[in-house]
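Asker: need the 3D shape of this:
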Amino acid sequence: MLRAVVFDLDGTLIDSTEAIVQSCYHLFDTLNIERPPRKKVVDSIGYPLIDQLAILLGEHDDLEHYVDIYREYHKTIASDMTHLLPDVSETLAAFDNAGLKMGFATSKKLSASERILEYLGILHYFTSRVGPDEVKHPKPHPEALLRSMENLEVGADEMLFVGDMHFDVKAAQSAGVACIAVTTGYNTRKELEALEPTAVCDTLAEAREYVLSHYLADMTT
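Answerer: I've put the predicted structure just below:
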């Protein structure tokens with residue numbers, strides 16, 4: 001029986017692409033380094049920040065310092081430059097009304113995630129909140145989802161994960177958790193289907209209806 005749903009954030013519930021791109025550009029400008037193409041920055045989204053910067057700048061002894069520069073700027077623009085993706089409020093309300101526990105597991109720093117979700121008015125839905133500082137191994141390692149299970153006091157067969165990237169699907173599969181992949185983020189439907197998640201949905205509304213019909217039909221009839 002399904003008792004909990006855990007979400008990825010970027011590309012699944014929120015679109016913070018512009019805030020991430022502009023924060024990277026601020027870092028490059030500060031370091032007097034030529035800005036990479038926007039696509040290269042967007043393609044690096046989803047990795048923990050220090051890994052993202054290593055992709056964009058190469059391995060460097062000062063990466064921790066670069067992370068600090070990025071984050072100091074990011075927190076000044078992130079809330080205003082991040083918005084909810086379509087159907088998020090309705091989906092969270094529907095799951096809450098169905099009695100499901102909810103959480104998020106993200107590669108975005110927890111304090112930044114909480115600040116943004118509070119600004120967007122949805123933080124109160126999440127009783128489990130897992131960011132990169134709460135785990136030793138980021139997605140696709142299953143640790144974030146295993147931690148989510150502990151926080152929500154559910155088993156693998158009682159939890160569903162919703163994400164938009166290959167990291168998310170692989171983490172769910174490694175944790176033994178059902179996974180709905182949505183095409184609202186940074187991987188294509190073809191890329192997601194190749195990983196064989198439980199389902200691939202083009203919108204969060206479609207994912208919501210899949211959950212209500214496949215997992216909660218007895219509770220909603």
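Asker: mind listing the helices for this protein?
Answerer: Here the chain has its helices, by DSSP state H, at 17-30, 38-43, 49-57, 63-77, 88-97, 110-120, 143-152, 166-175, 189-193, 204-214, 217-220.
Asker: check which residues of stretch 35-49 are buried.
Answerer: 36, 41, 44-49 (16 or more other C-beta atoms under 10 Å). (Glycine included, C-beta is placed from N, CA and C.)
Asker: how many other residues sit next to the nearest residue to residue 216 once chain neighbours are set aside?
Answerer: By the measure of C-beta to C-beta, 6 or more residues apart in numbering, the closest residue to residue 216 outside its immediate chain neighbours is residue 98, 5.4 Å from it. A count of nearby residues for residue 98, using other C-beta atoms under 10 Å, gives 16.
Asker: do you know the pLDDT at residue 21?
Answerer: With respect to pLDDT, residue 21 has a value of 97.
Asker: was I right about it contacting residue 39?
Answerer: No: applying C-beta atoms under 8 Å as the test, residue 21 and residue 39 come out as separate, 10.1 Å apart.
Asker: and stretch 187-205, which residues are buried?
Answerer: Neighbour-count burial for stretch 187-205 [16+ other C-beta under 10 Å]: 187, 192, 195, 197-201, 204.
Asker: from these, which ones fall inside strands?
Answerer: 199-201 (DSSP state E).
Asker: so which of the residues you listed comes closest to residue 63?
Answerer: When those are compared for distance to residue 63 (C-beta to C-beta), residue 200 wins out at 34.4 Å.
Asker: so what's that closest one up against?
Answerer: 180-183, 189, 192-193 (C-beta atoms under 8 Å, 6 or more residues apart in numbering).
Asker: try residue 95
Answerer: 5, 102, 125, 208, 211.
Asker: kindly reformat the buried residues of stretch 187-205 as CSV containing pLDDT.
Answerer: As requested, the buried residues of stretch 187-205 are exported to CSV (pLDDT from 0 to 100):
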residue, pLDDT
187, 94
192, 98
195, 98
197, 98
198, 98
199, 98
200, 98
201, 98
204, 98
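Asker: mind picking the two most distant members of these?
Answerer: Going by C-beta to C-beta, the pair spanning the buried residues of stretch 187-205 furthest: 195 and 204, at 18.9 Å.
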